[in-house]
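[1] pasted the sequence and its predicted model underneath.
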Amino acid sequence: MRWVVAAVLLVACDASVPRPATTQHSASASDHATGSAAAATSPVKPGGHVEGASAMRPHHEEPVAECLAHVPENADDETRVGALLDEANKDIERGMYGAAWTCADRASDLMPSSVEAHHLRGATLAALGRDSEAQLAYSLALALDPDDPETLRAVADFYINGKGDRGRDALRLGLELAQRGSRRALARRRRNAPLAADLAVLEAQALNDLGRSDEALERVDAALRIAPNRGDAMHERGVALFDLSRFADAKVAFTKALVTQGNDAYTHQMLGLALEQLGEVAASEAELKKAVELAPHELTPPVLIPVDEFQKEIDSVVAELPAERKAHVKSIKVEIADFPDPTDLRAVQPPFPPTILGLYRGPVGRAPAPDDEAPSIVLYRKNLARAVKTRVELSEQIRDTLLHEIGHLEGLDEDDLRRRGME
């Protein structure tokens with residue numbers, strides 16, 4: 001018998017750059033000076049209205065945070081670019097992402113082949129929430145130097161830890177970039193230990209999120225050999241151990257991580273989940289409460305509903321199915337449990353993470369045969385409650401998780417469901 005699990009939705013760690021509330025843009029004067037000669041000499045009708053003016057879009061300008069770099073008037077381009085990039089780096093450290101972007105953008109105008117300029121443009125655009133522009137800036141930096149470890153680190157972080165919707169392909173791309181960066185960093189004659197540790201942690205983050213926590217543990221241990229006191233690395237080690245059902249070891253790792261990052265909401269959250277698995281209820285509740293207090297806009301209390309209400313949600317989904325599918329689902333057992341049974345988690349290697357939302361017990365990639373053990377579906381009430389922020393979201397997630405598992409009942413594997421948008 002094989003076992004299939006719904007996607008894990010609880011986030012273990014978010015190490016992305018904080019984003020300011022407002023987004024800044026700029027427009028070059030040259031963008032408005034490229035009209036045709038005919039357009040420039042269009043006759044004006046009486047009253048000052050240009051023909052077709054009713055169709056003209058309104059003029060719009062975005063505010064720009066000025067770059068405060070001091071550049072000597074008689075400096076050559078190389079000196080100017082150096083001053084602009086130095087100021088951009090300082091502004092990033094101060095969290096002044098708009099000004100940093102302006103500095104880096106001016107540097108890229110002066111020296112379009114500067115990898116650092118495009119790298120910093122990407123970093124600041126990502127921090128400003130302008131992801132599509134950041135992606136292009138990072139792509140340009142990599143096109144200019146595909147083997148630069150610093151740029152590979154930045155772009156890997158963008159795809160692994162960015163604030164936007166990061167699916168499996170983004171994680172795979174981030175992992176490939178981090179792995180390439182690690183190889184290039186190790187190949188350098190003069191080693192950069194912090195850079196190598198950064199890249200190893202990024203690899204571990206992507207591997208954990210891709211469900212490859214056994215491999216993640218190897219990479220995060222490599223990072224900790226370089227930098228034993230890194231809190232983010234110890235946190236990621238805890239995530240890998242937790243997903244591998246090594247809860248006592250995970251507790252130790254998260255506790256160590258809090259020594260250096262005591263106000264990290266996600267470390268408190270994960271410690272709380274590990275303590276819960278160990279049966280330390282009071283300590284678990286305290287950690288989970290602390291996590292919500294530290295990040296109230298990102299983490300919320302569980303949307304927990306009674307079992308009978310949860311059953312009504314399941315019945316409502318089944319009632320909407322076509323007659324043949326409905327009869328098929330009603331012929332099997334659909335269970336409700338608060339958390340996964342450890343035996344179910346260990347049915348595959350590496351184990352399923354304890355935060356799974358649902359499970360299908362039965363053959364994978366084909367419909368059940370007459371001599372198979374009776375298939376069943378189980379949904380995890382408390383895991384689902386933690387995967388959402390509102391009651392409406394809970395109904396949606398129960399529906400999506402149940403339909404995902406029903407897809408397995410009907411012979412679809414994970415890739416089949418992904419192609420149908422049912423991950």
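    Arrived safely.
[2] from now on I want contacts and neighbour counts done on CA atoms only, so please keep to that.
    OK.
[3] what about Pro354, distance to Gln179?
    From Pro354 over to Gln179 the distance is 27 Å, taken as CA to CA, to the nearest Å.
[4] do Ala83 as well
    Taken as CA to CA, the span from Ala83 to Gln179 is 32 Å.
[5] same question for Leu128.
    26 Å.
[6] between the two, tell me which one has more neighbours.
    A count of neighbours by other CA atoms under 10 Å puts Leu128 above the other of Leu128 and Gln179, at 23 against 20.
[7] all strands for the stretch 201-350 of the chain, in order.
    Per DSSP state E, counting those that start in this stretch, the stretch 201-350 of the chain carries strands over the ranges 333-337.
[8] sketch out the low-pLDDT regions of it for me.
    Of all residues in the stretch 201-350 of the chain, none has pLDDT under 70.
[9] try it again at 90.
    Within the stretch 201-350 of the chain, the ranges that satisfy pLDDT under 90 run 347-350.
[10] where do the helices of it begin and end?
    Assigned by DSSP state H, counting those that start in this stretch, the stretch 201-350 of the chain shows helices spanning 213-226, 231-243, 247-260, 265-277, 281-294, 307-319, 323-330, 342-345.
[11] indicate which one of these is closest to Ile92.
    Ile92 lies closest, by CA to CA, to one member of the helices of the stretch 201-350 of the chain: helix 231-243, at 20.2 Å.
[12] who are the packing partners of that closest one?
    Here helix 231-243 touches helix 193-209, helix 213-226, helix 247-260, helix 265-277, going by 3 or more CA pairs under 8 Å, 6 or more residues apart in numbering; DSSP states H and E.
[13] quick one, it and helix 213-226 angle?
    Interaxial angle, helix 231-243 versus helix 213-226 (axes from the mean of the first three to the mean of the last three CA atoms, to 10 degrees): 150 degrees.
[14] starting at the chain centroid, how far to helix 231-243?
    Centre-to-centre, helix 231-243 and its host chain are 16 Å apart (CA atoms, centre = their mean, to the nearest Å).
[15] give me the contacts around it.
    With contact meaning CA atoms under 8 Å, 6 or more residues apart in numbering, helix 231-243 is reached by 12-13, 201, 204-205, 208, 213-214, 216-217, 220-221, 223-224, 247, 249-254, 256-261, 267, 270, 274, 351-354.
[16] mind doing that once more with 7 Å?
    For helix 231-243, the external contacting residues (CA atoms under 7 Å, 6 or more residues apart in numbering) are 12, 201, 204-205, 208, 213-214, 216-217, 220, 223-224, 247, 249-250, 253-254, 256-258, 260-261, 267, 274, 352-354.
[17] buried deepest among the helices of the stretch 201-350 of the chain, which one?
    Neighbour counts (mean count of other CA atoms under 10 Å) averaged over each of the helices of the stretch 201-350 of the chain peak at helix 231-243, with a mean of 28.
[18] with just CA atoms, put it into PDB.
    Output of helix 231-243 as PDB, limited to C-alpha atoms (Å, rounded to 0.1, in the frame of the first residue of the first chain):
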ATOM      1  CA  GLY A 231      20.100  31.500  14.600                       C
ATOM      2  CA  ASP A 232      18.500  31.100  11.100                       C
ATOM      3  CA  ALA A 233      20.600  28.000  10.400                       C
ATOM      4  CA  MET A 234      19.700  26.500  13.800                       C
ATOM      5  CA  HIS A 235      16.000  27.300  13.100                       C
ATOM      6  CA  GLU A 236      16.200  25.600   9.700                       C
ATOM      7  CA  ARG A 237      17.800  22.600  11.400                       C
ATOM      8  CA  GLY A 238      14.800  22.500  13.700                       C
ATOM      9  CA  VAL A 239      12.400  22.600  10.800                       C
ATOM     10  CA  ALA A 240      14.200  19.600   9.100                       C
ATOM     11  CA  LEU A 241      14.200  17.600  12.400                       C
ATOM     12  CA  PHE A 242      10.500  18.400  13.000                       C
ATOM     13  CA  ASP A 243       9.500  17.300   9.500                       C
END
